[in-house]
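1. Need a 3D model of the sequence below.
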Amino acid sequence: MVGALAATLVVWAISIIRETLRLPGSMAPRTPEEKARVRPFLIVAGAEVMAFAVVNSICAATQHLDLIVPLDVLIVGVHFLPLARIFGVPRYYWLGLLFCGVVLATLLLTSGSTQVGQAGARFVLPAPGCAPVALAVSAGNLREAKHGGMQWRAG
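-> The predicted model follows:
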């Protein structure tokens, strides 16, 4: 079911991108507001990559491998909070907060030895908790793009 929904969103996204690329004329130049978003975005993205490196190194060095996945998902959730402000997309606040909530619930309700089948619960549980949220936000983004709320630009 989730796979079918994800595939549907991918097809929808491709159709929107194709429609956009078929628009006549050249794309309008970037506005000063759009240009001003680049640097904060790059700072957030750089901080996210650095956080992954630090957290994963610490988890590996301390042999807390069960924490790598939930902490990485937490980093992704946290990174959406400033992106919500930078891009003016309020649903990114919900995405970030819900990702963080799923991780915190996973960490509070499971131990490093809890299993889901043959896998550690902390590796498995963030995915079914975060996937519906990510899919819903993706659908919202595509709906907004389809109706002209977001500016899709080639290049």
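
2. residues in contact with residue 18?
-> Contacts for residue 18 were tallied using CB atoms under 8 Å, 6 or more residues apart in numbering; there are none. The way it works is simple: take the backbone N, C-alpha and C, and place the C-beta from them, glycine included.

3. After the helix or strand harbouring it, which helix or strand is next?
-> Secondary structure assigned from DSSP states H and E places residue 18 in helix 2-21. As assigned by DSSP H and E, the chain's next helix or strand after helix 2-21 is helix 32-61.

4. Quick check: phi and psi at residue 62.
-> Main-chain torsions, residue 62, degrees, to the nearest 10: phi -100, psi 10.

5. first vs last residue of stretch 84-96, how far apart are they?
-> Distance between the two ends of stretch 84-96: 9 Å, counting by CA to CA, to the nearest Å.

6. count of residues packed around residue 60?
-> Counted with other CB atoms under 10 Å, the neighbours of residue 60 add up to 11.

7. Chain neighbours aside, what residue packs nearest to it?
-> residue 68 (7.7 Å; CB to CB, 6 or more residues apart in numbering).

8. so how many other residues sit close to the one you found?
-> Around residue 68 there are 17 residues (other CB under 10 Å).

9. ok, now the one 10 residues further on?
-> Residue 78 is surrounded by 18 other residues when neighbours are defined as other CB under 10 Å.

10. thought it was touching residue 97?
-> No - the criterion here is CB atoms under 8 Å, and residue 78 misses it with residue 97 at 9.6 Å.

11. circling back to that earlier point, residues touching the residue nearest to residue 60, list them.
-> So, once contact is read as CB under 8 Å, 6+ apart, residue 68 ends up touching 55, 56, 59, 60.

12. Got a quick PyMOL command for the buried subset of these?
-> Buried residues among these (16 or more other CB atoms under 10 Å), as a PyMOL selection:
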select buried, resi 55+56+59
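
13. The residue nearest to residue 60: which element?
-> Going by DSSP H and E, residue 68 is part of helix 68-87.

14. Show me which positions of that helix end up buried.
-> Applying 16+ other CB under 10 Å to helix 68-87 flags 68-84, 86 as buried.

15. The next helix or strand after it packs against which elements?
-> Next along the chain after helix 68-87, taking DSSP H and E as the criterion, comes helix 91-109. Judged by 3 or more CB pairs under 8 Å, 6 or more residues apart in numbering; DSSP states H and E, the packing partners of helix 91-109 are helix 68-87, helix 121-124, helix 126-146.
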